[in-house]
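A.B. asks: Next input, structure requested:
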Amino acid sequence: MDKAEAEEVIRGAGLGTAAQPLIERLLPSIGMVTRLSDAQDLQPGASRMGGDPDLPEGFDWPVRSNGQVLSFLVQINLSDLPNHDFPLPSFGWLCVFYDDWGDDGASPWGGEPGDEDALKVVHFEAEPSELIRMPYPGQYNEGFTGWKPCSMEFEPRWTLPGMDEISEILDEHEDEDDEQEIDPWDICEEVCSNGLAGREQGDGLHQMFGHPFAVQGHPLRECLEAMDEPIEAASDWVLLMQIDTDEPAPGWMWGDVGAIYICIHKDDLAAGNFSNCRYTLQCG
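C.D. replies: Coordinates of the predicted model:
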C-alpha cells in the first residue's frame, strides 16, 4: 500500500475533520508477513520466524547472565527488504533472541531489574554458503519443541500513532453536531490493523519501524521508564521491530494476545549498533 492509498483508507473511515491530522501523522514501516513452512523448504539465509536460524560457524548464541539460553524468534535477511529509506546496514542478517519463558515461566516484559538481557538483537555479515542451520543449544521446557518455522515476506505499510494520540486528535476535532461517538480502539482496529495492514488481531501484526500498534501505553516511553530516562528523550528512539502474537504460525502468544516492541536509539541505528536495543512486552 502506498501513501495515497493509506490516505484514502483514513478519509473513508468517517472521521470528519480528524482525518487530516491523522494523515499528517502517517509514518512508513515495513510489514512482516509469516507463512507456515517446512524447515527444509527454507533456503539458507532466508528470512524467517520460528524454527532454527542460519548462523555463521562459531556464532556465540546469546545466554542470559543467569545461564538461560535465549530462544530464537526472528531472522531477517536485509537484502530481502523492499526499497526503503531506513538507516539499516545494506548487507547481512538481523536475528532476535528472547527468553520466552523467563525465570518463573512468564515472558519477561522488559521493565523489571535484570530484564534487559532477556532479549538480544544481533547483526552479522556472512555469505549464505557460510551459514549453518543451528538447533537450539539449550533445553526447552517439558512438552515444548520450539516455535514452528515460517517463511517471511515484507511489504511497505503506513502506520498511525497509538490509541492515546488518536483519542487526543478525535477530542480536538469532535463534531458537536455528530451524535455518533467514534471509539479510538475501533480506529486502531479497523483503520490501522485491518485497513492499513490488512491483518486481523492474533494473525501477527509484525513490522519494522513506523508507529507501534500499542496494546497499552506508548512502547518507546515504557522503554525509557525502564531505563530511568526522561520521557522527553522518546524522540531520540525509534521502533526497530514489533513482534506480535501469531498463533497460526509460528505459534506464540505474548501474554493475552500481546506484542514485543524492540526500540533502538537513533544514533545506534545510524552506526549499525544493535547491542543496546531495549524492549517492552505489552498484553491485554
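A.B. asks: shaky segments in the stretch 151-284 of the chain?
C.D. replies: Along the stretch 151-284 of the chain, segments meeting pLDDT under 70 span 175-182, 184-185, 188-203, 284.
A.B. asks: Now do the strands in it.
C.D. replies: Using DSSP state E, counting those that start in this stretch, the strands of the stretch 151-284 of the chain run over 206-208, 237-244, 259-265, 278-282.
A.B. asks: need the strands for the stretch 1-150 of the chain, in chain order.
C.D. replies: 27-36, 48-49, 54-56, 71-77, 93-98, 119-124, 131-133, 150-159.
A.B. asks: what's the closest of these to Ala6?
C.D. replies: strand 150-159 (3.7 Å; CB to CB). All C-beta atoms are positioned from the backbone trio N, CA, C, and that covers glycine.
A.B. asks: chain center to the closest one: distance?
C.D. replies: 11 Å (CA atoms, centre = their mean, to the nearest Å).
A.B. asks: any idea of the pLDDT on Lys120?
C.D. replies: Here the pLDDT value assigned to Lys120 is 98.
A.B. asks: how near is it to Val63?
C.D. replies: Per CB to CB, to the nearest Å, Lys120 is found 9 Å from Val63.
A.B. asks: so what sits against both of the two?
C.D. replies: Leu70 (CB atoms under 8 Å, 6 or more residues apart in numbering).
A.B. asks: Which one of these two is surrounded by more residues?
C.D. replies: Lys120 (20 against 16; other CB atoms under 10 Å).
A.B. asks: That one is in contact with Phe97, isn't it?
C.D. replies: Yes: counting by CB atoms under 8 Å, Lys120 does reach Phe97; the two are 4.8 Å apart.
A.B. asks: got any residues that touch both of those two?
C.D. replies: Joint contacts of Lys120 and Phe97 (CB under 8 Å, 6+ apart) are 62, 70.
A.B. asks: Could you say which of the strands of the stretch 1-150 of the chain is packed most deeply?
C.D. replies: Looking across the strands of the stretch 1-150 of the chain with neighbours counted as mean count of other CB atoms under 10 Å, the highest average goes to strand 48-49: a mean of 28.
A.B. asks: Give the pairing partners of that strand; include direction for each.
C.D. replies: strand 71-77 (antiparallel), strand 150-159 (antiparallel) (DSSP bridges).
A.B. asks: Can you say which of those is nearest to Pro135?
C.D. replies: The nearest among the strands paired with strand 48-49, by CB to CB, is strand 71-77 at 9.4 Å.
A.B. asks: Also compute the angle for that closest one relative to strand 119-124, please.
C.D. replies: 40 degrees (axes from the mean of the first three to the mean of the last three CA atoms, to 10 degrees).
A.B. asks: ok so, going back, which stretch among the strands paired with strand 48-49 comes nearest Ala259?
C.D. replies: Nearest of the strands paired with strand 48-49 (CB to CB): strand 71-77, 12.1 Å.
A.B. asks: Centre of the chain to that closest one, how far?
C.D. replies: That offset, for strand 71-77, works out to 12 Å (CA atoms, centre = their mean).
A.B. asks: Alright, calling it a day.
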